[in-house]
Each structure stands twice: as C-alpha cells, then as structure tokens.
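Student: requesting a structural model of the entry that follows:
(4 chains)
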There are 2 protein chains.
Amino acid sequence: MSKKEALLKAAENKVRLGGYSNFSFRELASEVGIKSASVHYHFPTKADLGAELAHQYTNSFLAALGEPNELKASGKNPINVYTQLFRSALVTDRKMCLCGLLGAESDSLPDKVRLEVKRFFNENLAWLAAAHLVNGDLNPTQSAIQTVSLLEGAMMISKTLDDNSYFELATQLT
Amino acid sequence: MSKKEALLKAAENKVRLGGYSNFSFRELASEVGIKSASVHYHFPTKADLGAELAHQYTNSFLAALGEPNELKASGKNPINVYTQLFRSALVTDRKMCLCGLLGAESDSLPDKVRLEVKRFFNENLAWLAAAHLVNGDLNPTQSAIQTVSLLEGAMMISKTLDDNSYFELATQLT
DNA sequence: TATAAATTACCTATCGGTAGGTAGGTAGTG
DNA sequence: CACTACCTACCTACCGATAGGTAATTTATA
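Tutor: Numbering: from 1, shown residues only, chains lettered A, B, ... in the order given. I've put the predicted structure just below:
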C-alpha cells in the first residue's frame, strides 16, 4: 500500500468516527510514518484530501454493490444486498457511513467535499430506485429514499446507543 | 435573554450546522458580546457546555411533543405530531437535529456529552413506543426505532442534497 | 540524470484553558 | 447604620498545544 493510500485509509477511519474535523495532517502523517509537511505533496489542501476520500469511498461502495438487475438475475434481492453492505459497515468496521457523517455536517464542509458527498447520495438513490424497480415496486423513487433514510438513521442510532440490535430491529421486515 | 442563554443559543446554531467541533469559545463570546475567558465562568469546560446544550435540547424537544395519550385523546395522531416537529427543525430552522449530528460523531465526543445524546434517543424511543402503542400498533418497539431512524436519515439526506422534498417523500405514507 | 517523494525548518492563526484582578451588588452581623 | 464578607459577571494577559500551510532542500528511485 502506497503512502497516499495509507493516508486515505487513516483519514477514513478518523472521519467515520468523528467527522471532517476529526483528522489532522499531523496525525495522519505520524500514523503512516512520514512528516506532516509531506502530506501536502499528495494532497495540496485538507479539502483536496477530504474530496478524494469521499470520491473513492463512493466508488468502492458502488463497486461492492454490483448491478441491481444482475443481482436479481442471480437470485438475490438487491435491497438485501444493499442492507447487508450497511450492516457490515456498522458491525465489522464498527463505524458510521463516511458520507452519512459528512452529510450531517454538510453545511460546514468545503465546497469540493460537499459536492462529493452529494454525489454519494445521488448515486445511491439512483441505484436503489433501480433495485426497487426490478423488485416490482410501484413507487421505486419513494422506496429508494425511504430505504437509504432508514439505514443511515438506524446506523446512527445504533452507534449512539452502542448497540447493533437497534439496526437489526429497524431493518427487520415484520 | 441572559448571556448564558445567548451562549447556548449561539452554540446550538453552530453545532447543528457542523457538529461539536464547529464552535469555539472565542466565536460564541464575540457573538454575545463578551470575552472568551468569561465563557468559562458559565461553563467550566467545552464539554460542560456541550452536555448542557444537549440536555436542554432534549428537554425542549420532549416538552414540545406533549404526551402521546393526551394527543390521541384530543384527536391527533402522535406520530404525525412527532414527524411535524422534525419537519419544522429542517424547514424552519434549516438545520440538522442537534442530537442526530452529535450521535453520528458519538465516538469522538467527551463522555458527558455522549451521555446526554444517548438520553435524547432513549427518551425519544420510549415516547415513540408509547405513541405507536396508543395507535394500536402490534410491534410498538420496532415501529419506534423505524420511525426515528427514517426521520433522522431523511433529515440528513435532505440537508446534504439541499432539497426538503426528499424529507417529504420519505415521510409520505403511500 | 531526471523525477518523485520526503525532509527540515519554519509561519501565522487559532484552540481550550488558566491566573489574577475588578466593579458592582447582596447578605449577614454588631 | 456601618462594616465585613462574599458573590456575580465580567476583564486583560497569557499559557502550551495544535491547526493548516509554505519554501527550500535532500534523498531515493527508475
């Protein structure tokens, strides 16, 4: 893993625990074993780092999902696949969704970071609308926003109350 | 309004836009017309201020809700009342729920602040469970977590995408 | 030998917090 | 009433730490 990748990984961990202001160049640098000034070689400003972080997070997230119609074709319910990705972020990583946290503090973010966070949700809503459509949902747009809202909210409350059973209860069908 | 009240009000605005680290004693002080050192007279530490802020926010929120059975008795659907309180926080204040934002960054909060945020959600879940119960819901505990998750999530996404129609769509029944 | 990557050595600004002081008011006591 | 003691609500001045960022230089690599 290159230093640049290591910096992004370290930043992701920090941001997912405490938001955009929860990481500093000094901390990241010492974690990956370089000096803080050297971080500026890879990312001119903090906003550049934050924007690239959100961008790559979005890409990885979408890549991990696959395509709704292909999932359906292989016998899977795409909405369950989506839910499972959120669940593993919460249970395995024990952290918030990066863009969920950044989205909440949207108003105080640098423009280029906020733009990437918006892209995350626009792409997610499009994916979910397609997924609900292949499920035969009569109102896929509305279901999409309800699905992502429920998951982001349930994640946040489970983290706050430090108990993943809230997430399980929120995502249970009956 | 006393200086102390003014400080809390100023802090609430900042935190609801960008989280716990989005306010400083110096900013609050200059907004209310005192010196930053004087803020320590009212709140010994930043954590004390944050905790009192979350405590009062929770109390005001619960007070604004009233009692589920009394609402029902006066012909109102308590869940609609609850949803409306979230809606006005988003539409009128144009800001996130204080404890929604703080909850997302729970892991990086001082203990006494995190504790108050947990209280917010525990009290809200209790209120919602009672509300769903008087509505004849067969699974009031599950409905409670689903309701608050959906609302917090919808709020966050509407703020991120800067479009309140997402909140409306998410909270629409059909 | 060119380029990429990281270094040293700074800068300015701001952070939360502390020390010590003061003007003005209140409460208790002889 | 006069005096003492204390309190409230601020102030100025400063602390060490940390923030993001910059310029010039060195080291490593292809």
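Student: is chain B contacted by the helix or strand encompassing residue A:87?
Tutor: Here residue A:87 is covered by helix A:78-91, with elements defined by DSSP states H and E. No - Helix A:78-91 lies out of reach of chain B by Cβ under 8 Å from any Cβ of the partner chain, never closer than 10.8 Å. For the C-beta atoms, the positions are set from N, CA and C on the backbone; glycine is no exception.
Student: equivalent analysis for stretch A:32-48, please.
Tutor: No - judged by Cβ under 8 Å from any Cβ, stretch A:32-48 and chain B are separated, with a smallest distance of 13.5 Å.
Student: can I get that stretch in PDB? Just the C-alpha atoms.
Tutor: What follows is stretch A:32-48, C-alpha atoms only, in PDB (Å, rounded to 0.1, in the frame of the first residue of the first chain):
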ATOM      1  CA  VAL A  32       1.800   6.300   8.200                       C
ATOM      2  CA  GLY A  33       5.300   7.200   9.200                       C
ATOM      3  CA  ILE A  34       6.000  10.500   7.300                       C
ATOM      4  CA  LYS A  35       6.100  14.100   8.300                       C
ATOM      5  CA  SER A  36       3.000  16.300   8.100                       C
ATOM      6  CA  ALA A  37       4.600  18.600   5.500                       C
ATOM      7  CA  SER A  38       4.900  15.600   3.200                       C
ATOM      8  CA  VAL A  39       1.200  15.000   3.200                       C
ATOM      9  CA  HIS A  40       0.900  18.200   1.300                       C
ATOM     10  CA  TYR A  41       2.800  16.600  -1.500                       C
ATOM     11  CA  HIS A  42       0.000  14.100  -2.000                       C
ATOM     12  CA  PHE A  43      -2.900  16.400  -1.100                       C
ATOM     13  CA  PRO A  44      -2.300  20.200  -1.600                       C
ATOM     14  CA  THR A  45      -5.000  21.100   1.000                       C
ATOM     15  CA  LYS A  46      -7.200  19.300   3.500                       C
ATOM     16  CA  ALA A  47     -10.200  19.900   1.300                       C
ATOM     17  CA  ASP A  48      -8.500  18.000  -1.500                       C
END
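Student: average pLDDT across it?
Tutor: Taken as a whole, stretch A:32-48 has a mean pLDDT of 90.
Student: so what touches that stretch?
Tutor: A:3-4, A:6-7, A:10, A:24-26, A:28-30, A:49, A:52, A:110-113 (Cβ atoms under 8 Å, 6 or more residues apart in numbering or on different chains).
Student: try it again with 6 Å
Tutor: Contacts with stretch A:32-48, where a contact means Cβ atoms under 6 Å, 6 or more residues apart in numbering or on different chains, come from A:3, A:4, A:6, A:7, A:25, A:26, A:29, A:49, A:110, A:112, A:113.
Student: tell me which other helices or strands the helix holding residue A:87 touches.
Tutor: Judged by 3 or more Cβ pairs under 6 Å, 6 or more residues apart in numbering or on different chains; DSSP states H and E, helix A:78-91 is in contact with helix A:68-73.
Student: from the chain's centroid, how far away is the helix it packs on?
Tutor: Relative to its chain's centre, helix A:68-73 lies at 22 Å (Cα atoms, centre = their mean, to the nearest Å).
Student: ditto for stretch A:48-59
Tutor: Averaging C-alpha positions (Cα atoms, centre = their mean) puts stretch A:48-59 10 Å from its chain's average.
Student: picking up where we left off before, can you tell me which of the contacts of stretch A:32-48 end up in helices?
Tutor: Within the contacts of stretch A:32-48, residues falling in helices by DSSP state H are A:3, A:4, A:6, A:7, A:25, A:26, A:29, A:49, A:112, A:113.
Student: indicate whether the next helix or strand after the helix holding residue A:87 makes contact with chain B.
Tutor: Next helix or strand after helix A:78-91 toward the C-terminus (DSSP H and E): helix A:98-104. Yes - contact of helix A:98-104 with chain B (Cβ under 6 Å from any Cβ of the partner chain) involves A:101, A:103, A:104.
Student: is helix A:98-104 anywhere near DNA strand D?
Tutor: No - taking Cβ under 7 Å from any atom of the strand as the criterion, helix A:98-104 and DNA strand D are apart, separated by no less than 14.6 Å.
Student: who's in contact with that helix?
Tutor: A:15, A:16, A:19, A:57, A:117, A:120, A:152, B:96, B:101, B:104, B:156, B:160.
Student: and stretch A:107-126, what's buried?
Tutor: Across stretch A:107-126, burial judged by 16 or more other Cβ atoms under 10 Å in any protein chain shown covers A:107, A:108, A:109, A:113, A:114, A:116, A:117, A:118, A:120, A:121, A:124, A:125.
Student: isn't the first one up against residue B:17?
Tutor: To tie it back to what came earlier, the one meant is residue A:107. Yes - the pair residue A:107 / residue B:17 is scored as a contact, 4.2 Å apart, by Cβ atoms under 6 Å.
Student: nearest residue to residue A:133 other than its sequence neighbours?
Tutor: Excluding the flanking residues, the one nearest residue A:133 by Cβ to Cβ, 6 or more residues apart in numbering or on different chains is residue A:140, at 4.3 Å.
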